[in-house]
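# Here's my sequence, what's the structure:
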Amino acid sequence: MEKPLTGAGGVAGKARRLYRGIAEANPFYRPSKYGYSNARVSSMKSLLLKKELLQELARVRSIDAVVGMLERTPYKEELVKASIKHHGSELVEVAAARHFASVAQKLVRIAPKEDRKAVDVLLTKWDVVNTKILLNARLTGKTYQDVAPFLMPLESLDEAEAKGLFEGKGTALFMRFVKTRLGKGLMESGMVSNTELEKLFMNFGNAEIMKLELLLDTFYYSLYQKSGMFLTREMAPIAKTFATEIDLKNATTIIRLKRHGVGEKKSIGRFLIKGGSKPLRSFSGMMEAKDEKDTLKAAAQLFGLKTAPSDVVELEMTFEKILGAAKVRAFYRTTLSLGTLLGFLLLKEEEVKNIRKIATAKEFGTPDKKIEEMLVFQN
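Here you go, the predicted model:
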């Protein structure tokens, strides 16, 4: 992928924006620019798994039955390839990741050239996810080979860089991280100093990994805010989805920090992300809550939940449903624009999550009804 878009300034940037504004005033501009790509997305949408199929997958008796049903869908090719080395829920997870990567790369190709960086911004989320997987695996004593199949294969973190995160300690590990695309971006963002970031790698425990994850999340959301490509009327549904995701991320961040002993409001506030639909001051109730039970109650009140979640897992499941519904709305409220491509990518991402949830739940013998409650349907 290309380097994430971080905004265009100066005379050249102003000239491009002026030209674009004049072009967009032309009534034939959007149909000619987005007609082809939106038509392609429309045909791809017809291949999304229907609600009825997902419900049936949730009810079948075994993971083998899940695989059998998925082999009659667009996931067949990747399932066949992955079945040489993988089995059970691992097979489904690997095949689903590869299928998503293939779809994402196709969207990058069909997107108008000047809009591809916006797609790239959205895909940076998977750079973050991959890096989190690698760092946590390193912390728990796993090897690169243990987790490599579960990485999203988007080629922005090459194999040599990924393996490098399992080599060396302290400063050596820090240097390997900042040479990755994501590490370079984080350092250039100015969100954390060189010294502070190196210190996290020097200690490299559970608390340090958590702070690294929060910094990476903040960096990802800052890219979308800086890009400027999400500020048009046509992109409003996508921007609203990002804002919702930031709100939910902030709520879970507060709980995670408290669990790791970070209780001061000022210390927590440093890790909260700006740009959500809720002002940061609205999270004061959660930050000031005395214990986890009160924090969950404050979260329920803030997000208008009918009842307070019994634990963090239930809260996260509720948040996933809220965000999934926002992604569905975003896709159906965009027409003839880049938003249609990005909205479809969000839908595909949710589909992959559904499949992975089903596969993992079947492996652990989760009741069918419970599995279905975890799913987000797009139709």
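
# what about stretch 75-88, how long is it end to end?
The straight-line separation of the ends of stretch 75-88 (C-alpha to C-alpha, to the nearest Å) is 15 Å.

# Could you name the specific helix or strand carrying the residue most central in space within the chain?
Against the mean C-alpha coordinate of the chain, by C-alpha atoms, centre = their mean, the closest residue is K125 at 4.5 Å. In the assignment (DSSP states H and E), K125 maps to helix 116-139.

# If you count neighbours, what's buried in that helix?
By neighbour count on 16 or more other C-beta atoms under 10 Å, the buried set for helix 116-139 is 116-131, 133-138. C-beta: built from backbone N, CA, C; applies to glycine.

# Dump it to PDB, keeping only the CA atoms.
The C-alpha trace of helix 116-139 is given here as PDB (Å, rounded to 0.1, in the frame of the first residue of the first chain):
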ATOM      1  CA  ARG A 116      -6.800   5.400  -3.600                       C
ATOM      2  CA  LYS A 117      -5.000   7.000  -0.600                       C
ATOM      3  CA  ALA A 118      -8.300   7.300   1.200                       C
ATOM      4  CA  VAL A 119      -8.900   3.500   0.800                       C
ATOM      5  CA  ASP A 120      -5.300   3.100   2.000                       C
ATOM      6  CA  VAL A 121      -6.100   5.100   5.200                       C
ATOM      7  CA  LEU A 122      -9.000   2.700   5.900                       C
ATOM      8  CA  LEU A 123      -6.700  -0.300   5.400                       C
ATOM      9  CA  THR A 124      -4.100   1.000   7.800                       C
ATOM     10  CA  LYS A 125      -6.400  -0.400  10.500                       C
ATOM     11  CA  TRP A 126      -5.100  -3.800   9.500                       C
ATOM     12  CA  ASP A 127      -1.400  -2.700   9.800                       C
ATOM     13  CA  VAL A 128      -2.400  -1.800  13.400                       C
ATOM     14  CA  VAL A 129      -4.100  -5.100  14.000                       C
ATOM     15  CA  ASN A 130      -1.200  -7.100  12.500                       C
ATOM     16  CA  THR A 131       1.300  -5.200  14.700                       C
ATOM     17  CA  LYS A 132      -0.800  -5.800  17.800                       C
ATOM     18  CA  ILE A 133      -0.900  -9.500  17.000                       C
ATOM     19  CA  LEU A 134       2.900  -9.700  16.600                       C
ATOM     20  CA  LEU A 135       3.800  -7.700  19.700                       C
ATOM     21  CA  ASN A 136       1.400  -9.700  21.900                       C
ATOM     22  CA  ALA A 137       2.700 -12.900  20.500                       C
ATOM     23  CA  ARG A 138       6.200 -11.800  21.300                       C
ATOM     24  CA  LEU A 139       5.200 -11.000  24.800                       C
END
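
# got the buried residues for stretch 349-359?
In stretch 349-359, counting by 16+ other C-beta under 10 Å, buried: 349-359.

# next one: phi and psi at the nearest residue to E234 once chain neighbours are set aside?
Nearest non-adjacent residue to E234, counting by C-beta to C-beta, 6 or more residues apart in numbering: S337, 3.7 Å away. Phi and psi for S337, reported as degrees, to the nearest 10, are phi -160, psi 170.

# burial measure for S337, as a count.
Burial measure for S337: 21 neighbouring residues, criterion other C-beta atoms under 10 Å.

# Hmm, it is touching M235, no?
Yes. The pair S337 / M235 is scored as a contact, 6.7 Å apart, by C-beta atoms under 8 Å.

# so where's the stretch 51-200 of the chain shaky on pLDDT?
Of all residues in the stretch 51-200 of the chain, none has pLDDT under 70.

# So which elements touch the lengthiest helix in the chain?
Identified as the longest helix of the chain according to DSSP state H is helix 338-363. On a contact count with 3 or more C-beta pairs under 8 Å, 6 or more residues apart in numbering; DSSP states H and E, helix 338-363 meets helix 29-45, helix 51-59, helix 63-70, helix 88-110, helix 116-139, helix 236-259, helix 312-332, helix 368-374.

# what's the third one in contact with?
Outside helix 63-70, the residues within contact range by C-beta atoms under 8 Å, 6 or more residues apart in numbering are 53, 56-57, 60, 76, 79, 88-89, 91-92, 95, 355, 358-359, 362-363.

# How far off centre is the very next helix or strand once past that helix?
Using DSSP H and E, the helix or strand that follows helix 63-70 towards the C-terminus is helix 76-82. Taking C-alpha atoms, centre = their mean, to the nearest Å, one finds the center of helix 76-82 at 24 Å from the center of the full chain.

# which secondary structure elements does helix 76-82 contact?
helix 63-70, helix 88-110.

# contacting residues for the closest residue to the residue nearest to the centre of the chain other than its chain neighbours?
Once flanking residues are discounted, K125 sits nearest to Y220: 5.8 Å by C-beta to C-beta, 6+ apart. The contact partners of Y220, taken as C-beta under 8 Å, 6+ apart, are 124-125, 127-128.

# In CSV: these, plus distance to M191.
Shown next, in CSV, are the contacts of Y220 (distance: C-beta to C-beta, whole Å):
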residue, distance to M191
T124, 14
K125, 17
D127, 15
V128, 13
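
# ok, of the residues you listed, which one's closest to L216?
V128 (4.7 Å; C-beta to C-beta).

# Spell out which helix or strand contains the nearest residue to the closest one once chain neighbours are set aside, please.
Counting by C-beta to C-beta, 6+ apart, V128 lies nearest to L216, which is 4.7 Å off, once chain neighbours are set aside. Counting by DSSP H and E, the element that carries L216 is helix 206-227.

# Give the helix, strand or coil label for G275.
coil (DSSP: H, G, I helix; E, B strand; the rest coil).

# State the distance from it to Y224.
Distance of G275 to Y224, computed by C-beta to C-beta, to the nearest Å: 8 Å.

# okay, and the common contacts of these two?
With C-beta under 8 Å, 6+ apart as the test, G275 and Y224 both reach F242.
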